[in-house]
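>>> predicted model follows, preceded by the sequence.
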Amino acid sequence: MKYAIITGGSRGLGKAIALQLAKDLNYHILFTFKSNQEAAHNAKAEIEACGVACEALQFDVANKEATTQFFDAWMKENPDAQIEVVVNNAGITKDGLFMWMPEEDWNSVIQTSLQGFYNVTQYFLKSLLKQRYGRVINMVSLSGMKGTPGQTNYSAAKGAVIAATKALAQEIAKRKVTVNAVAPGFIHSDMTKDLDEKELKKLIPANRFGEAQEVADLVSFLASKKSSYITGEVININGGIYS
């Protein structure tokens, strides 16, 4: 059974991506979530309605021990599972001016995005290389490309994942495992619901926020065999705001 794993897959972009990988590529889905059990339950039901198997694991990807423990248990229960696609989507924001940023707000944002990338990707990497096929897709951000005031921690985390994407892609390309990053701009989601959309739209050449579905379609392409000669890339999806 061929699986795609999506971290932070119970809501927003993660859920949209999981659904699209099920619909387009017929992958069974494994997703992680941290706390919202109701959202995870609903996402699982929606994904299963696409005719694929779906399982949700509740733990914090920033925690190396928990990540290894939960994946070990799942792999033991699913010995026939073949992970082909890893989507590192889990991320949090704790915005504030760097001058007054508590160490906890710095650490938790870095840990979730960057340490989470390490914990999850490294866990599955050997099997991807052994099977000589795989897709690693890292969800980054406009903030990681150009920097965003009030998001020094988030910009640092996503910028680091971008650099890691480029380096890892070169290490493993010969084994037909690609590593790419997707950098969304302003997309309608929980993360942007409190922003002043009317004002921000003026900065965007396309004059609108993007939709989660548009991001999911891009990720689905990168997860497919059609993208086999694309690796080490950061693909912006932001309506022209950073071009």
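Thanks, I have it.

>>> so which residue is smack in the middle of this structure?
Most central in the chain under C-alpha atoms, centre = their mean is residue 89, positioned 1.9 Å from the mean C-alpha point.

>>> give the contact list for that residue.
6-9, 13-14, 17, 139 (C-beta atoms under 8 Å, 6 or more residues apart in numbering). Using the backbone N, CA and C atoms, a C-beta is placed for each residue, glycine as well.

>>> which of those lies closest to residue 37?
residue 9 (13.4 Å; C-beta to C-beta).

>>> need the three-state assignment for residue 57.
Under DSSP: H, G, I helix; E, B strand; the rest coil, the three-state class of residue 57 is strand.

>>> so what's the residue count around it?
The number of residues packed near residue 57 is 19, by other C-beta atoms under 10 Å.

>>> give me the contacts around stretch 139-153.
Here stretch 139-153 has contacts from 13, 87-89, 91, 93-98, 101, 105-106, 109-110, 154-155, 157-162, 165, 181-186, 219, 234, 236, 238, 241-242, using C-beta under 8 Å, 6+ apart.

>>> for the protein, longest helix please?
Determined from DSSP state H, the single longest helix within the chain is helix 152-172.

>>> quick one: list the elements packing against the helix or strand that comes right after that one.
Counting by DSSP states H and E, the element after helix 152-172 in chain order, helix or strand, is strand 177-184. Strand 177-184 is packed against helix 116-130, strand 134-139, helix 142-146, helix 152-172, helix 212-223, strand 234-237, with contacts defined by 3 or more C-beta pairs under 8 Å, 6 or more residues apart in numbering; DSSP states H and E.

>>> among those, show the one with the smallest mean pLDDT.
Lowest mean pLDDT of the helices and strands packed on strand 177-184: helix 142-146, a mean of 93.

>>> in it, what counts as buried?
Using 16 or more other C-beta atoms under 10 Å as the test for burial, helix 142-146 gives 142-145.

>>> for the least confident helix or strand in the chain by mean pLDDT, list every residue counted as buried.
Among the secondary structure pieces of the chain, namely its helices and strands, helix 197-200 has the lowest mean (mean pLDDT, DSSP states H and E), a mean of 86. Buried residues in helix 197-200, counting neighbours by 16+ other C-beta under 10 Å, are absent.

>>> just stretch 186-200 next, same as before
Buried, per 16+ other C-beta under 10 Å, within stretch 186-200: 186-189, 191-192.

>>> among those, which one sits closest to residue 50?
Scanning the buried residues of stretch 186-200 for proximity to residue 50, where the rule is C-beta to C-beta, the winner is residue 189, at 20.9 Å.

>>> gap between the residue nearest to the closest one when sequence neighbours are not counted and residue 190?
Using C-beta to C-beta, 6 or more residues apart in numbering and skipping the chain neighbours, the partner closest in space to residue 189 is residue 12 (4.3 Å). Distance, residue 12 to residue 190, by C-beta to C-beta, to the nearest Å: 5 Å.

>>> what does residue 103 give?
25 Å.

>>> cool, residue 172 as well?
33 Å.

>>> cool, and residue 150?
18 Å.

>>> what's the neighbour count on residue 208?
Neighbours of residue 208 (other C-beta under 10 Å): 12.
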